[in-house]
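Novice: Take this sequence and fold it.
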Amino acid sequence: MQSQDVAPSPAPSPVDPVVDVEQAEAALVEHYPRLVRLAYLVLPPSLGRNRRVVTAHSLTQRALPRGRAQAPVIPAQSTGRDGDPGYAFVRLQVLRTALEAGLPLRRAAWPRRSQLPPLLPQVWGLRLFPRSGGADELALDQHLSALSGPARAAYVLRGLEKLPDADVRHVLTAAGCEDPDEALTQADDVPAKYALLDSPEFDPCSLQARPTDLMRRRQHTRAALAAAAALAVCGALLGLPGDGWGPDGAAAPAYAQNPAAEAALDPAKLARVPATAWEAATRTDFSVWPARGDLTDDTALLRRALAVWARPGERVQVSATPGTPSGGPAGPPQLLYAGTVDNAHVVLLYDGLRIARYAEPTDGSKGAALDFARVDGAGRAEASAVVLGRADGNVRYLTAPWVTRAAERDLLKPGAGAMDLHPSHGVTAPLASPAAQTGPCTSWNALQLTDSTGRRLMTDLGELVPARLTTGRPGSTREAAGAEALRTWSPYACSLASMRAAGVRGVNAWAYARQPLPEASGSADWVCTRAETWRGGGTRVLAEFRTQGGTYGAVAAKAENVPACGAKDPHVLAGVLWKSEAGNWYLLAAGSRGTASIGATGGTTADAEGSLLAVKAKQGTRAELKGTLDDGRSISGLQ
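Specialist: This is a model prediction of the structure:
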């Protein structure tokens, strides 16, 4: 990784515009969350998430001019946020001190205040860190951690502050960066996913809290505190091997002694299922997976995995699908896998509710990761595969012991064959992951699994457990593996991108209507895709419209947490504005089977008997749809 020095910034000229302390304070208070986010993103990740959070708040709170005197503003900053020079001044101060905090300490010079742990704010008894994001946020964080401080600052000023490169150069120069052009060049190497900078993953004002030590709070005497500190230091020194990993690896220190908790962290008590147990089991799910991998007897690795699960250290990257608790196991979990995957040691554990994946680099360097996925209620289909690892845009799976064949299939090419992944002891060859796709959607790879009950398709949505794909009317769905099902999914596969990192259990595509188009323009298909989640809530429904011969479907309407298009309410109604070849605009609407009539109000007023409506409309018309079912019940159109 290249590094850049940040030189002391030149003193501003007395003739520059000035900002008094009240103006700077007003800007700081108004934009405090944004300034803290900027500091958090620029600070070096090596500080750890807890210290980055506290330091970001400390640097921001110290950004005011000293005393009551007016402070000159760097001319290049005079057009700060919304033209506010006060904001420009405090932003520059935050950026300058955040860059200084990343400089290495030197023996020949006194450390700067920003390089030392912050005096204030301080939080006793808690570790604070932002909420975990999805796979995209984690990938961006890893990219940013590989940049130098000025390059991170350049990326953040581009994405968060929306500054053009010329202004970025001015700001970096004013902050003391010696080579802003090099910083911009480095920032170009990171994908321009600027919208992710506003995600909760990088919000140090919306925090999660975890306890630090619990027992030491009861120890009030100096002797007890000194003894505990000495014991912790000696234990760390004695337990630190040459490769940098202690007995518990990247886990946080343990303080409380609890017999049940200790039993859950004992590798010798891990549940291990015999290889053929699934053949006679009454239930076929993760509970009958045998322990596989070349490191199932590596006690030290298993101990580290269990310890990190119970108390992840500050430098452990922790992620969880929405609705998945990330606390330690209540008892000894089941071992599913322990082995080497590409350049990482990977351990998969199961506690009846969650799959936990622990990974550490094979060279013993820092960078442990812990991922959770909720899998309660998984059946044979959902328990068919788990993600083992991701590298270079590819994904490897560990398949269930009952899977006899694993293959890769492109959903956009339903007529093409499937490419065998040749699993070895359940581990597949790598296949390109659609979760890592950027740019236009030109393919969507799915995992095709075969067992004694038939074939099924799973797709990677950036989580530990791939989502199951089905087709058909809700309540009577079937696996998306036959020729007809593949043709149904083909035009709508790219819409799966909107369901990434949402804890999706399965997605069903249902072709609920076919509508003749006005002016003898052929016909169009209406398809409803519904994503069900492991937590029950958070369902996502899309109504999509595709004209005859069209390559892709267009999203006509969408909704969240509605029963429409689901097993509890297998009805759906949606509409779209469509332009004919002659240039005429029409409002088209279609309801599912059992729709007796459709009415439109608002920009266009119309009524139609049956489940289809087509009426002339004006471009940009917005109409509200209402439908009546055969049993007299009313339904509303998806928005």
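
Novice: Where does the record place the domain boundaries for this structure?
Specialist: Per automatic domain parsing, the structural domains of the chain span 18-210, 243-374, 382-570.

Novice: Okay, now the unreliable bits of the stretch 201-350 of the chain?
Specialist: Counting by pLDDT under 70, the stretch 201-350 of the chain contains low-confidence residues at 209-262.

Novice: now with 80?
Specialist: When residues are selected by pLDDT under 80, those of the stretch 201-350 of the chain lie in 206-264.

Novice: can you confirm Leu464 is in a strand?
Specialist: No: read with DSSP: H, G, I helix; E, B strand; the rest coil, Leu464 is coil and lies in no strand.

Novice: count of neighbours near Ala330?
Specialist: Ala330 is flanked by 12 other residues according to other CB atoms under 10 Å. C-beta: built from backbone N, CA, C; applies to glycine.

Novice: so it, which of the three states?
Specialist: Reducing the assignment at Ala330 to three states with three-state DSSP gives coil.

Novice: Show the pLDDT at Thr450.
Specialist: Turning to Thr450, the model gives it a pLDDT of 95.

Novice: That one belongs to a strand?
Specialist: Yes: if the criterion is three-state DSSP, then Thr450 is within a strand.

Novice: burial measure for it, as a count.
Specialist: Thr450 has 17 neighbours, counted by other CB under 10 Å.

Novice: try Pro329
Specialist: Burial measure for Pro329: 21 neighbouring residues, criterion other CB under 10 Å.

Novice: which ones are touching it?
Specialist: Under the criterion of CB atoms under 8 Å, 6 or more residues apart in numbering, the contact partners of Pro329 comprise Ala264, Leu306, Trp309, Ala310, Leu349, Asp351, Ala356.

Novice: The closest residue to the last one other than its chain neighbours: helix or strand, and which one exactly?
Specialist: I take that to be Ala356. Nearest non-adjacent residue to Ala356, counting by CB to CB, 6 or more residues apart in numbering: Leu349, 4.6 Å away. Following DSSP states H and E, the helix or strand that holds Leu349 is strand 344-350.

Novice: I'd like the next helix or strand past that strand.
Specialist: For strand 344-350, the succeeding helix or strand toward the C-terminus, using DSSP H and E, is strand 354-361.

Novice: Tell me what angle the next helix or strand after that following strand forms with strand 354-361.
Specialist: Sequence-wise, the next helix or strand beyond strand 354-361 is strand 369-374, with elements assigned using DSSP H and E. With axes from the mean of the first three to the mean of the last three CA atoms, to 10 degrees applied, the angle from strand 369-374 to strand 354-361 works out at 160 degrees.

Novice: just how off-centre is strand 369-374 within its chain?
Specialist: Its chain's average C-alpha position is 11 Å from that of strand 369-374, according to CA atoms, centre = their mean, to the nearest Å.

Novice: number of nearby residues for Gly599?
Specialist: Applying other CB under 10 Å, we find 18 residues neighbouring Gly599.

Novice: swap in the one 4 residues further on?
Specialist: Other residues within reach of Gly603, judged by other CB under 10 Å, total 14.

Novice: which SS class is the closest residue to it other than its chain neighbours?
Specialist: The shortest distance from Gly603 to any residue other than its chain neighbours is 3.7 Å, reached at Thr621 (CB to CB, 6+ apart). When the structure is split into helix, strand and coil by three-state DSSP, Thr621 lands in coil.

Novice: quick one: Thr621 and Trp585 touch, right?
Specialist: Yes: using CB atoms under 8 Å as the test, Thr621 is close enough to Trp585 to be in contact (7.4 Å).

Novice: Which residues are in contact with each of those two?
Specialist: When contacts are counted by CB under 8 Å, 6+ apart, the set common to Thr621 and Trp585 consists of Leu577.

Novice: Starting from His170, give me the distance back to Asp179.
Specialist: 14 Å (CB to CB, to the nearest Å).

Novice: before we move on, the earlier item: just put the domains of the chain in JSON lines and tack on distance to Ala596.
Specialist: Converted to JSON lines, the domains of the chain look like this (distance: least, CB to CB, whole Å):
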{"stretch": "domain 18-210", "distance to Ala596": "42"}
{"stretch": "domain 243-374", "distance to Ala596": "38"}
{"stretch": "domain 382-570", "distance to Ala596": "14"}
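
Novice: quick one, which of those is nearest to Gly632?
Specialist: domain 382-570 (15.0 Å; CB to CB).

Novice: next structured bit after the helix or strand bottoming out on mean pLDDT in the chain?
Specialist: Of all the helices and strands that make up the chain, the one with the lowest confidence by mean pLDDT, DSSP states H and E is strand 71-72; it has a mean of 44. Where DSSP H and E defines the elements, the next helix or strand beyond strand 71-72 is helix 85-101.

Novice: Could you pull up the residues touching Ala509?
Specialist: Residues in contact with Ala509, defined by CB under 8 Å, 6+ apart, are Leu469, Thr470, Thr471, Ala480, Thr488, Trp489, Tyr492, Val527, Cys528, Thr529.

Novice: Which one of these is nearest to Val21?
Specialist: Scanning those for proximity to Val21, where the rule is CB to CB, the winner is Thr529, at 55.7 Å.

Novice: Show me what that closest one bridges to in the sheet.
Specialist: Taking DSSP bridges, one finds Ala509, Leu542 as the beta-bridge partners of Thr529.
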